[in-house]
Structure formats: C-alpha cells, structure tokens
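[1] could you work out the structure for the sequence below:
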Amino acid sequence: MFCGLVNHSIFVTEFITEMISGKFAITVHILSVLSKYPEDYLSSEMLASSMNINPVLVRKEIANLKKHSLVESREGKYGGTRLAKPATDISLGDIFRITFEQVNLGYCKNTPNQNCPVGKKINMSLDRLYDDINGDINNKLCGITLLQFAESF
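    Below is the predicted model of the structure:
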C-alpha cells in the first residue's frame with residue numbers, strides 16, 4: 001500500500017493547502033498589512049487594494065475580526081481599522097480558529113450501511129482522522145505569531 005510511504009508532514013501540508021479556502025488567506029492578508037502599520041487606521045479600500053479584491057469582502061472579514069477583538073475601527077474622514085493588540089500576541093492559530101472552527105472534509109451524503117464492516121465504522125474513523133488533522137493544524141499555527149509571519153515580507 002503506497003500510503004505508508006507518504007511523508008506525514010508533506011501529506012498534512014498538501015492537505016491543509018487544498019482545504020483552506022480564501023477566507024483564511026484574506027484574513028491573514030488583512031492582519032499582515034495592519035501589522036505593518038500598527039498605529040494607523042487603514043481603510044478597507046486600502047486593504048482591498050493590497051489583495052485586488054472588493055472592499056466589501058474586506059469589511060466582512062473586519063467585522064469578524066472586530067467580533068473577536070483582534071482589530072478596532074473608527075469611522076469618519078480619518079477612520080479605518082487597526083490591530084487591537086500587538087502582532088506578537090496574535091497567532092496564526094487564533095486566526096485559523098476565527099475563520100474556521102475546524103477542518104472537516106465531510107462525510108458521505110448517504111447514511112452508510114450499518115451491516116457493512118466498513119459502513120458501520122467509517123464516520124467514527126473519519127471523526128478521529130479529522131480530530132488528528134485539527135490538532136496538527138492547531139499545533140503548527142499556534143507556534144507562529146502574526147509578527148513572525150508578517151516579517152517574512
């Protein structure tokens with residue numbers, strides 16, 4: 001069986017890359033830009049221009065970040081958004097948890113046949129697999145601060 005030959009860390013990295021949608025990337029991008037200008041309130045238009053996306057999408061993610069106390073905003077001519085706490089106090093794990101509760105690749109849409117030795121245990125086995133994957137993701141991302149990530153560019 002070829003699965004035994006697959007390097008676990010390569011498998012997890014490829015797996016994560018394929019699973020995580022643009023929401024995590026957009027949120028990390030927003031926070032990374034904000035971390036470069038910690039004292040400034042940046043407009044959603046400015047943040048959107050960095051990603052070449054619509055400012056409405058940025059505002060949607062900012063609302064979620066405000067809900068989780070990662071950013072603060074002010075209105076008006078000099079309004080915008082900035083980090084609510086230092087980038088050293090925000091981990092990529094924090095960001096992951098507010099964009100996705102957890103990774104779940106789903107289950108078969110039909111109820112498996114409980115008379116089949118695989119069917120009666122497949123969902124329980126998938127639950128354990130998903131728990132392991134989420135633990136791996138959390139451990140990796142919690143070890144990286146927003147500041148460390150943003151320093152890479």
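[2] ok, and what's touching the longest helix anywhere in the chain?
    With secondary structure taken from DSSP state H, the chain has its longest helix at helix 122-142. The contact list for helix 122-142, computed with CB atoms under 8 Å, 6 or more residues apart in numbering, reads 12, 15-16, 91-97, 102-105, 107-108, 112. (C-beta placed from N, C-alpha, C; glycine too.)
[3] quick check: buried residues in the helix or strand following it?
    Counting by DSSP states H and E, the next helix or strand C-terminal to helix 122-142 is helix 146-150. Buried residues in helix 146-150, counted by 16 or more other CB atoms under 10 Å: Leu146, Leu147, Phe149, Ala150.
[4] just flag the most distant two among those residues.
    Largest separation among the buried residues of helix 146-150 by CB to CB: Leu147 and Phe149, giving 7.3 Å.
[5] which regions of this structure lie under the pLDDT threshold?
    For the chain, the stretches flagged by pLDDT under 70 are 1-21, 101.
[6] what number of residues lie near Ser44?
    Neighbours of Ser44 under the rule other CB atoms under 10 Å: 21.
[7] whoops, I mixed them up, Val58
    For Val58, the count of nearby residues is 26 (other CB under 10 Å).
[8] as a check, name the ranges of all helices in the chain.
    8-19, 22-36, 44-51, 55-67, 92-99, 122-142, 146-150.
[9] now those in CSV, please, with extra columns for distance to Gly76.
    Formatted as CSV, those follow (distance: least, CB to CB, whole Å):
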stretch, distance to Gly76
helix 8-19, 39
helix 22-36, 18
helix 44-51, 14
helix 55-67, 15
helix 92-99, 26
helix 122-142, 35
helix 146-150, 26
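[10] who are the contact partners of the closest residue to Ser50 other than its chain neighbours?
    Excluding the flanking residues, the one nearest Ser50 by CB to CB, 6 or more residues apart in numbering is Val33, at 5.3 Å. When contacts are counted by CB under 8 Å, 6+ apart, Val33 is found next to Leu42, Met46, Leu47, Ser50.
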